[in-house]
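Q: next come a sequence and a model predicted from it.
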Amino acid sequence: MRDANPELVFYLYEESLGQTAGYLRIPNKGIEKIPLDSPLIIEDSIKLNISADQASYHGILNKSNLVPDQKVMFNYNAQNK
C-alpha cells in the first residue's frame, strides 16, 4: 500500500562561508539528499524551497524536536498536523 503521508527529514547546516544549506530525505521511500534551495531560519520560522520538486515549506520550528548534531535535523509528517 502506498504511503500518502511519508515522513520528511530535513537536514540543515552551515557551509564554510556561513550560508545555511541543507537537504531532504524521505527514508520510507528510499529518497536521499534532495537539495534545499537557500533554506532560511529566522527566530522560530523556517522557509525551505525545493526546486527539484517545485515545492516549498513554510512553518514554525519547534526547537524541542531538533536533534542535536553537527546538523540541524527535524522530521515532518503531514499526519501530525
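A: It's in. Residues are numbered from 1 along each chain as shown.

Q: only C-alpha atoms for contact and neighbour calcs from this point on.
A: Fine.

Q: any idea of the mean pLDDT in the host helix or strand of residue 34?
A: Assigned by DSSP states H and E, residue 34 belongs to strand 31-35. Mean pLDDT, computed over strand 31-35, is 91.

Q: elements contacting the helix or strand following it?
A: Using DSSP H and E, the helix or strand that follows strand 31-35 in sequence is strand 37-42. Helices and strands touching strand 37-42, by 3 or more C-alpha pairs under 8 Å, 6 or more residues apart in numbering; DSSP states H and E, are strand 20-26, strand 45-50.

Q: residues in contact with the strand holding residue 34: which ones?
A: Here strand 31-35 makes contact (C-alpha atoms under 8 Å, 6 or more residues apart in numbering) with 22, 23, 24, 25, 26, 50, 52.

Q: from the residues you listed, pick the one nearest residue 43.
A: Checking the contacts of strand 31-35 against residue 43 by C-alpha to C-alpha gives residue 22 as the nearest, at 17.5 Å.

Q: what sits against that closest one?
A: By C-alpha under 8 Å, 6+ apart, the residues touching residue 22 are 10, 11, 12, 13, 35, 36, 37, 39.

Q: thank you kindly, that will do.
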